[in-house]
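**Student:** Need the 3D shape of this:
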Amino acid sequence: MISGAAAYGSSNSTVSISANNNAVVAISSAGASQGQVSVTGQLTSNVYDAGSGTSLNFDYGNVQTTSHNCSTGITLSNMRDGGAYTVVVTDTTGTATCAFTHTGLTFRFMPANDLRNSGKHTVYTFVRVGTIVYVSWISGF
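**Tutor:** Numbers count the residues shown, from 1 in each chain. Below is the predicted model of the structure:
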């Protein structure tokens, strides 16, 4: 529901949706000076719990959790260029290094990918830039 100032419409393949009164949301066409989507305030999505899954599909959400013990790799899918993603590994029984793959993408880790802390959660943050996925991670939560 949009109250107050609002506009929407489509004409000649141009799409423009905007709302204001301090809930500033704007979706514009290509070439818009403010970008494609502009949101003032928080932009959130639900956290997807993949159970103990080893295949994580980011179409389900940019933040996902798995209790997989990383004894085998984790396959990621649907990472979009320019997207930022988070995977939380909640397994507390092992220390295995989590290996990630995605068709057509190369992963670069900082710090170098290594063993996780036993009895603790590990958080991996991914940023896709072209065919490179930059990964930072912290174990010990």
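**Student:** which residues in the protein form helices?
**Tutor:** Applying DSSP state H to the chain gives no helices.
**Student:** how does it divide into domains?
**Tutor:** 6-39, 48-139 (automatic domain parsing).
**Student:** Deepest in the core, which of the ones you listed is it.
**Tutor:** Most buried of those, by mean neighbour count (mean count of other Cβ atoms under 10 Å): domain 48-139, with a mean of 15. All C-beta atoms are positioned from the backbone trio N, CA, C, and that covers glycine.
**Student:** This protein: strands as residue ranges?
**Tutor:** 6-11, 14-19, 25-27, 37-39, 48-49, 55-57, 63-66, 74-77, 84-89, 100-101, 106-110, 122-129, 132-139 (DSSP state E).
**Student:** So for the first one, mean pLDDT?
**Tutor:** Spelled out, it's strand 6-11. For strand 6-11, mean pLDDT rounds to 52.
**Student:** Ok, the third one next?
**Tutor:** Here the mean pLDDT over strand 25-27 is 66, rounded to a whole number.
**Student:** what's the least confident stretch among the domains of the chain?
**Tutor:** domain 6-39 (a mean of 60).
**Student:** Leaving out chain neighbours, which residue sits closest to residue 81?
**Tutor:** residue 128 (5.7 Å; Cβ to Cβ, 6 or more residues apart in numbering).
**Student:** For stretch 107-116, give the distance from the opening residue to the closing one.
**Tutor:** 18 Å (Cα to Cα, to the nearest Å).
**Student:** Now the residue positioned nearest the centre of the chain. Nearest residue, chain neighbours left out?
**Tutor:** Nearest residue to the geometric centre of the chain (Cα atoms, centre = their mean): residue 85, 2.3 Å. Leaving aside its chain neighbours, residue 85 sits nearest to residue 126 (4.3 Å; criterion: Cβ to Cβ, 6+ apart).
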